[in-house]
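Peer 1: need a 3D model of the following:
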Amino acid sequence: VRSITMLTDGAVDEPAQDTVKTDEPTNSRKLRPTHSTHFGDADFDEEEKTDIGDATWAEVGRACCVHSSMEWGKIFIGVCAAFFFLYFFLFALELLGSSA
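Peer 2: Numbers count the residues shown, from 1 in each chain. Got it, this is the predicted structure:
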């Protein structure tokens, strides 16, 4: 469980009224400083179009380019498969062109 606490002048570690407790790590636009919406957020369907904040370039870069090793492996296999089929497609076109 993740909780955010604010310290006041007289008290130590007393949670303020703004305490947010969630089970998921940062899966809400309310927990991001820009209030940007990401696909798969817990509150994805609860917002209006005017509630959506702008995403920073850092958030865009993290969403597009930061992957686990398993995801990078799947991307590599997909790219290799695309080159494999592209090569044989071009090879078939060359055979058709030279047979005429």
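Peer 1: for the protein, which segments are assigned as strands?
Peer 2: Along the chain, counting by DSSP state E, strands occupy 2-3, 21-22.
Peer 1: next one: His38 from Glu59, what distance?
Peer 2: Distance, His38 to Glu59, by Cβ to Cβ, to the nearest Å: 8 Å. C-beta coordinates here come from the backbone N, C-alpha and C atoms, glycine included.
Peer 1: repeat for Thr50
Peer 2: Distance from Thr50 to Glu59, counting by Cβ to Cβ: 19 Å.
Peer 1: so which of these two has more stuff around it?
Peer 2: Between Thr50 and Glu59, counting by other Cβ atoms under 10 Å, Glu59 is the more crowded of the two (14 against 5).
Peer 1: skipping its backbone neighbours, what lies nearest Ala63 in space?
Peer 2: Using Cβ to Cβ, 6 or more residues apart in numbering and skipping residues adjacent in sequence, the residue nearest Ala63 is His38, 6.9 Å away.
Peer 1: wait, that neighbour touches Arg62, no?
Peer 2: No. With contact defined as Cβ atoms under 8 Å, His38 does not reach Arg62; the gap is 9.8 Å.
Peer 1: who has more neighbours, these two?
Peer 2: More crowded of His38 and Arg62, by other Cβ under 10 Å: His38, with 15 against 12.
Peer 1: give me phi/psi at the more buried one?
Peer 2: phi -120, psi 150 (degrees, to the nearest 10).
Peer 1: per-residue confidence for it?
Peer 2: Listed pLDDT for His38 reads 74.
Peer 1: can you give me the distance of it to Phe76?
Peer 2: With distances taken as Cβ to Cβ, His38 is found 25 Å from Phe76.
Peer 1: can you check Phe84 too?
Peer 2: Distance of Phe84 to Phe76, computed by Cβ to Cβ: 12 Å.
Peer 1: again with Arg62
Peer 2: 20 Å.
Peer 1: cool, and Leu90?
Peer 2: 21 Å.
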